[in-house]
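What follows is a predicted protein model with its sequence.
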Amino acid sequence: MSDNLRLKFDPRTIEHLGIKMYSRLPSALAELIANGYDANATEVNVELFDSDDNKKVVVTDNGDGMSFEEINDNFLVIGRRRGDFDDNPSILNRKITGRKGLGKLALFGIGKTIEINTCKRGSNQLVKFTMNWEQILNERSGEYHPVYEITTVDSSVFHGTSISVSDLKRTSNFNLEQIVLSLSKLFNIFDENFKVFVSKNDSGKRLITKEDRIEGIDEQYEWDVKEIIEQKTPDFPYKDSVKGKIISSRKPLKPELRGITLYARGRQANEASFFGLSEAGHTFSYLTGWIEADYIDDENEDYISTDRQMIDWDNDLTLELQSTLQSVLRFIVQDWSARRSKDKIEKINERTSINVNDWLSKVPDSVKGKLERIITSVSNEPEITDEMFDSVVIDINKLVPEYTYYHYRMLSNEIQDASKTHYEQENYYIAFQEALKRYKNKVKQKSGTTQTDDLPIMTSSFGVSQLLSVVDGFLKPDGSAFTQKTLENIEDGQKHLSMGIVQGGRNILSHEEITDLQQSGLFTEKDCLDLLSLLSHLFKRLQESKKR
């Protein structure tokens, strides 16, 4: 056993790997959390202090801890790689997350003085030592000997490792919630068997969960990555080793919440991204999620960057994974657009009086196709909110109402009732005839005429001095009377228009074959629809008429 602790190094290497690579607090904390996980800890506590007289970071785990020899042979050896001790099975059946042996330098990226207290599980020996950045940097011999002391403790009370970082480089206060969010995205291992707590200035402890990374997201849809891979890329050889969940929000996400994070052995291997896919960029502002692909970190070759921000995609193994994940995202983009469009159309009836599907079924075929394309195109636009979509559909509905050719909704209720069934069957000639029968019967009923034929019913009911007056009681806005000539014109107009619709419509259909009228163009279906509008006008007058 050596009598001294020793750190062997090149100062320039430590400066590059420690300070340069781990200048962000979450990245440095992640290394210590991962160390606790690898050491079979079930709990890690991260304590942040930012008062003027006490600025430091303390990370404590209840893991295996280290003996003096293990500190010397493992912890203080820069570049001690996973392969050097990966054959030591974890008591919790965990795969070791560390790989390069550089994480111990992370803390020099955020502070100059590091104090470590560690007790080996099952031992009563507590080793305490301190490392100082400036002393290390000034050491030119290639070895640094931290000051240490060994005391006896009750290992049943404490085992594990506690690391305190002081002389912090940052001057700003800690943002607890932002740190929680960052750490929740850097790991995919938080569960009942591994809990991480964060506190600030001795405040209550905040438990970090996987759900923190999607906290506040108004989730709309969810996709299972494994199911999509099995469906879209069944030949992918690692399909059983890749799983994950992708969700979409109802509104665009904040930039820091967007993207799919790739994990290997529970740690971030590639920061949130869309794996080189540039299509449908606007859609990506709605997507977030995670994917596990442990197998890329099981290989002898190291594909993950030291700062764990990205994977080396320039090799056969990872290129195949990238291509598969791009296929997953392309499917999600298409499915998201289709589901969102469908939901918009279905739910608009809940917010307005418009049933889009019913409406589209009641417009002519020549209009329907164009109308469907317009509505689908608008509903597919990601930036169109439900409120904007409602407004657009309402405006289009006003321009192109049900039964567009004769503005069905503008017809009188009686004409609608009489013609609707035959119109929906596209039998426009009969629709007109049925509406005219309704009008004739109502005229006869209200006027009380004894005539039985169509024309005599109209001539005896309407006109100056006849049984019904369609102008009685109407005055100008100022209370004065209309001229007698105007009133007589309207009275006689009701008679002549009623006679004309009988002579020019009913009599023709009674004596000619509809096929001949239709094919010749002499009396078309469009004529029938126009006459339905005229009947609606005449019915309005009839309803307002008074018996003399």
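That came in fine, so what should we check first?

name the element Leu535 belongs to?
For Leu535, the element it lies in under DSSP states H and E is helix 525-544.

Name the surrounding residues that touch that helix.
Residues lying outside helix 525-544 but in contact with it, judged by Cβ atoms under 8 Å, 6 or more residues apart in numbering, are 405-407, 410-412, 414-415, 419, 428-429, 431-432, 435-436, 439, 442-443, 446, 468, 470, 494, 497-498, 501, 504-505, 518. (Each C-beta comes from the backbone N, C-alpha and C, glycine too.)

quick one: the helices in the stretch 151-300 of the chain?
Under the criterion DSSP state H, counting those that start in this stretch, helices of the stretch 151-300 of the chain are mapped to 176-186, 225-232, 281-284.

Out of the ones you listed, name the one with the poorest average pLDDT.
Across these, helix 281-284 has the smallest mean pLDDT, namely a mean of 80.

Show me what counts as buried in that one.
The neighbour-count criterion (16 or more other Cβ atoms under 10 Å) identifies 283-284 as the buried residues of helix 281-284.

Distance from the chain centre to that helix, please.
Going by Cα atoms, centre = their mean, to the nearest Å, the spacing between the C-alpha centre of helix 281-284 and its chain's C-alpha centre is 10 Å.

and what of stretch 465-473?
Per Cα atoms, centre = their mean, the displacement of stretch 465-473 from the mean C-alpha position of its chain is 64 Å.

Can you give me the end-to-end span of that stretch?
15 Å (Cα to Cα, to the nearest Å).

Could you list the residues in contact with it?
The contact list for stretch 465-473, computed with Cβ under 8 Å, 6+ apart, reads 443, 446-449, 459-462, 482, 487, 490-491, 494-495, 541-542, 544-548.

The closest residue in space to Asn507 that isn't next to it in sequence: neighbour count?
With Cβ to Cβ, 6 or more residues apart in numbering as the criterion, Asn507 has its nearest non-adjacent residue at 8.0 Å, and that residue is Asp454. Burial of Asp454, expressed as a neighbour count using other Cβ atoms under 10 Å, amounts to 22.

cool, and Lys398?
Residues near Lys398, counting by other Cβ under 10 Å, number 9.

Now do the helix or strand it falls within: which elements does it pack against?
For Lys398, the enclosing helix or strand under DSSP H and E is helix 386-399. The helices and strands touching helix 386-399, judged by 3 or more Cβ pairs under 8 Å, 6 or more residues apart in numbering; DSSP states H and E, are helix 316-351, helix 365-380.

Any chance of a markdown table for those, columns mean neighbour count?
Converted to a markdown table, the helices and strands packed on helix 386-399 look like this (neighbours: other Cβ atoms under 10 Å):
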| stretch | mean neighbour count |
| --- | --- |
| helix 316-351 | 17 |
| helix 365-380 | 14 |
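
Take the ones you listed and lay them out in TSV including mean pLDDT and distance to Ile116.
Shown next, in TSV, are the helices and strands packed on helix 386-399 (pLDDT from 0 to 100; distance: least, Cβ to Cβ, whole Å):
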stretch	mean pLDDT	distance to Ile116
helix 316-351	90	36
helix 365-380	85	57
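
Can I get stretch 523-533 in CSV, CA atoms only?
The C-alpha coordinates for stretch 523-533 follow below in CSV (Å, rounded to 0.1, in the frame of the first residue of the first chain):
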residue,chain,number,x,y,z
PHE,A,523,-85.7,23.3,-68.6
THR,A,524,-82.7,22.1,-66.5
GLU,A,525,-82.1,21.1,-62.9
LYS,A,526,-80.5,24.5,-62.4
ASP,A,527,-83.8,26.0,-63.5
CYS,A,528,-85.5,23.9,-60.8
LEU,A,529,-83.1,25.2,-58.2
ASP,A,530,-83.7,28.8,-59.3
LEU,A,531,-87.4,28.3,-59.0
LEU,A,532,-87.1,26.9,-55.5
SER,A,533,-85.5,30.3,-54.6
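
So which residues of the stretch 351-500 of the chain form helices?
356-360, 365-380, 386-399, 413-424, 428-447, 454-461, 484-501.

just to revisit the earlier point, mind checking the helices and strands packed on helix 386-399 for the one nearest to Ala30?
For those, proximity to Ala30 was assessed by Cβ to Cβ; helix 316-351 is nearest, at 21.8 Å.

Next, report how far the closest one is displaced from the centre of its chain.
Helix 316-351 has its average C-alpha position 10 Å from the chain's average C-alpha position, going by Cα atoms, centre = their mean.

With stretch 292-312 instead?
Computed by Cα atoms, centre = their mean, the chain-centroid distance of stretch 292-312 equals 29 Å.

For it, list every residue counted as buried.
Within stretch 292-312, the residues that qualify as buried are 292-297, 303-304, 307-308, 311, counting by 16+ other Cβ under 10 Å.

Give me the domain ranges for the chain.
Annotated domains of the chain cover 7-209, 219-334, 352-402, 408-547 [automatic domain parsing].

JSON lines please, covering those domains and showing distance to Lys344.
Supplementary listing: these in JSON lines, determined by distance: least, Cβ to Cβ, whole Å:
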{"stretch": "domain 7-209", "distance to Lys344": "31"}
{"stretch": "domain 219-334", "distance to Lys344": "11"}
{"stretch": "domain 352-402", "distance to Lys344": "4"}
{"stretch": "domain 408-547", "distance to Lys344": "23"}
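
Next, count neighbours for the residue nearest to Val58 when sequence neighbours are not counted.
The shortest distance from Val58 to any residue that is not its chain neighbour, by Cβ to Cβ, 6+ apart, is 4.3 Å, and that residue is Glu47. As a burial measure, the neighbour count of Glu47 was computed by other Cβ under 10 Å and equals 19.

Equivalent analysis for Asp240, please.
The criterion is other Cβ under 10 Å. On that basis, Asp240 has 11 neighbouring residues.

what's the spacing between it and Thr261?
From Asp240 across to Thr261, the span is 21 Å (Cβ to Cβ, to the nearest Å).

State the mean pLDDT of stretch 509-526.
Computed over stretch 509-526, the mean pLDDT rounds to 93.

now the strands for the stretch 51-200 of the chain?
With DSSP state E, counting those that start in this stretch, the ranges of strands along the stretch 51-200 of the chain come out as 54-61, 111-119, 125-132, 143-144, 147-152, 160-168, 195-200.

Let me have the ones you listed in TSV, adding mean pLDDT, mean neighbour count and distance to Leu529 as columns.
Formatted as TSV, the entries for the strands of the stretch 51-200 of the chain read as follows, by pLDDT from 0 to 100; neighbours: other Cβ atoms under 10 Å; distance: least, Cβ to Cβ, whole Å:
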stretch	mean pLDDT	mean neighbour count	distance to Leu529
strand 54-61	94	20	79
strand 111-119	93	21	83
strand 125-132	94	19	91
strand 143-144	83	16	95
strand 147-152	93	11	98
strand 160-168	93	20	81
strand 195-200	96	19	72
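
Nearest to Phe331 among those would be which one?
Smallest distance to Phe331 across those (Cβ to Cβ): 33.9 Å, for strand 195-200.

Which element is encountered next along the chain beyond the helix or strand bottoming out on mean pLDDT in the chain?
Using mean pLDDT, DSSP states H and E, helix 11-14 stands out as the lowest-scoring helix or strand of the chain, at a mean of 60. For helix 11-14, the following helix or strand on the C-terminal side (DSSP H and E) is helix 25-38.

Give me the angle between that next one and strand 54-61.
For the pair helix 25-38 and strand 54-61, the angle between their directions (axes from the mean of the first three to the mean of the last three Cα atoms, to 10 degrees) equals 30 degrees.

For Gln231, which of the helices of the stretch 351-500 of the chain is the nearest?
Within the helices of the stretch 351-500 of the chain, the stretch nearest Gln231 is helix 365-380; the backing value is 22.5 Å (Cβ to Cβ).

Any regions of the stretch 1-150 of the chain where pLDDT drops low?
Filtered on pLDDT under 70, the stretch 1-150 of the chain yields the residue ranges 1-3, 7-23, 79-92, 99-104.

Ile246 - nearest residue in space that isn't next to it in sequence?
The spatial neighbour of Ile246 that comes closest, neighbours along the chain excluded (Cβ to Cβ, 6+ apart), is Gly289 at 3.4 Å.
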